[in-house]
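> Return a 3D structure for these sequence lines:
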Amino acid sequence: MSIKETINDTILVGIDEAGLGPILGPLVVSGAAFSVPAAKISDDFWELLADSVSSNKKNLAGRILVCDSKKAYTPANGIAFLEKTVLTFLKYFSRIPQTAGELADLLCADSKQKILECPWYKNIDSQKIKFNADEISISAGVLKKNLEQNGIALTYLKSFCLDAGCYNELIEKVRNKSSVVFNLVCRLISEIIKNGYWNYHFVIDRQGGRMRYAQNLRTMFPQMDLKILKEEENISSYQLSSANRNITMDFAVKADDYFLPVCLASMACKYLREQLMISHNNYFIEKCADLKPTAGYWTDGKRFLNDLKAIAPHIQYNPAQLIRSR
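Predicted structure coming up:
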């Protein structure tokens, strides 16, 4: 999806990641962008869009949940909240994926070919997504009306996805997890700003404990002037400028607690990752029914790998393609 031409003054963008900690499964970084009239840039999106979205699971009353994915996803609820929210926003672009493969086409088309090189993801094009189409259409209609009432438009929703093999290759080059994420963040920023002449405001969930980003930004965007606005405990802010662009960039602690575009990016990340983990688990369990699925996080990921060795030694795989190096 690309940025639509609109007449609003600023593009507000949220960026977040999912899957940095696991030993198995993909790392996903997503961006969600909205064009917003200048008069409403500082307004609370949850208040502006109160007819269609809520940050609380209780009393949704037909609205969709938009919050940090760690709050939206639980073992009890599974991907239900994530799914309804992400599919509703995708419906805004008039496209609802019917399979995990179509979801990848919509969110991370640039990454899909590399994903399909992994045997455990080869069936994503036949992996059905089950949802209530009428329910999604209704919630999408309410959302669209609510956005239009406020002069806001969803302009961009996209992800970059690294399978374990690609992740390991990048780690070998940069030797640092946070640098891998930052590389993907900068790719998203470049993608978002390439098609327009805008004022942009990016809010990015802070990468680990890092407080200073100026040198990295100079390296990634050498053609732009950089001004450090502040580098504090909870937020680091920068201004990048050129002849036709003015970009404010905030790296903030717990940005997914207060900025709706970051929450939407967080939910898109988690939903895409969970769909790919379904494919991962199906692949191995089809080869050995005694295996139990894994979410890929360290302790349970180690358990899964031990189970592969102990009860399914006949399953062949490339460790460098399946298991993260760090």
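> so what's Ser30 up against?
Remark: with contacts taken as CB atoms under 8 Å, 6 or more residues apart in numbering, Ser30 is in contact with 15-18, 107, 157-160, 188, 265-266, 268-269, 272. Where you see a C-beta, it was placed from the backbone N, CA and C, and this is true even at glycine.
> Ranking by neighbours, what's the top pick from those residues?
Of all the contacts of Ser30, Ala265 has the most neighbours under the rule other CB atoms under 10 Å, reaching 33 neighbours.
> For it, give me the pLDDT.
pLDDT recorded at Ala265 is 97.
> Give the burial count for the nearest residue to Asn281 once chain neighbours are set aside, as a bare number.
Of all residues not flanking Asn281 in the chain, Pro293 sits nearest, at 3.8 Å (CB to CB, 6 or more residues apart in numbering). The burial count assigned to Pro293 is 14, neighbours taken as other CB under 10 Å.
> my read: Pro293 touches Ile285, true?
Yes - in terms of CB atoms under 8 Å, Pro293 counts as a neighbour of Ile285; the distance is 6.7 Å.
> contact partners of stretch 63-78?
For stretch 63-78, contacts defined as CB under 8 Å, 6+ apart pick out 16, 18, 46, 50-57, 79, 81-82, 84-85, 88, 139, 142-143, 256-257, 260, 263-264, 266-267, 269-271, 274.
> same question, stretch 98-110
Here stretch 98-110 makes contact (CB under 8 Å, 6+ apart) with 1, 28, 30, 90, 93, 95, 97, 111-112, 115, 124-129, 157-161, 268, 271-272, 275-276, 278-279.
> Beyond the helix or strand bottoming out on mean pLDDT in the chain, next helix or strand please.
When the helices and strands of the chain are scored by mean pLDDT, DSSP states H and E, helix 177-193 comes last with a mean of 88. On the C-terminal side of helix 177-193, the nearest following helix or strand under DSSP states H and E is strand 199-205.
> the helices in the protein, which residues?
Remark: helices of the chain, listed N- to C-terminal, are 45-48, 69-72, 80-92, 100-116, 133-149, 164-174, 177-193, 214-220, 260-287, 298-311, 319-322; assignment by DSSP state H.
> and those helices, which is most packed in?
For these, the stretch with the most neighbours on average is helix 260-287, a mean of 24; neighbours defined as mean count of other CB atoms under 10 Å.
> tilt between it and helix 298-311?
Relative orientation of helix 260-287 versus helix 298-311 (axes from the mean of the first three to the mean of the last three CA atoms, to 10 degrees): 10 degrees.
> Tell me which residues are up against the least confident helix or strand of the chain.
With CB under 8 Å, 6+ apart as the test, helix 177-193 has contacts from 3, 11, 13, 15, 17, 20, 27, 29-31, 33, 156, 158, 160, 162, 167, 170-171, 174, 200, 202, 204, 207-208, 210, 213, 216-217, 220-221, 245, 247, 249, 326.
> Kindly report the same for stretch 256-268.
Around stretch 256-268, the neighbours that count as contacts under CB under 8 Å, 6+ apart are 12-16, 18, 30-34, 45-46, 49, 53, 55, 66-70, 72, 81-82, 85-86, 89, 107, 157, 159, 203-205, 252, 255.
> again, 6 Å this time
Contact with stretch 256-268 is made by 12, 14-16, 30-32, 45, 66-69, 72, 82, 85-86, 203, 205, 255, as judged by CB atoms under 6 Å, 6 or more residues apart in numbering.
> re earlier: what angle do the least confident helix or strand of the chain and helix 260-287 make?
Using the same axes, to 10 degrees, the interaxial angle of helix 177-193 with respect to helix 260-287 works out to 120 degrees.
> give me the number of residues near the closest residue to Val142 other than its chain neighbours?
Spatially, and ignoring its direct neighbours in sequence, Val142 is nearest to Ser52 (4.6 Å; CB to CB, 6+ apart). Neighbouring residues of Ser52 were enumerated by other CB under 10 Å; the total is 21.
> which residues touch Ser52?
If a contact means CB under 6 Å, 6+ apart, then Ser52 has 63, 142-143, 146 as its contacts.
> Pop out the phi and psi values for it.
In terms of degrees, to the nearest 10, the main-chain angles of Ser52 are phi -120, psi -20.
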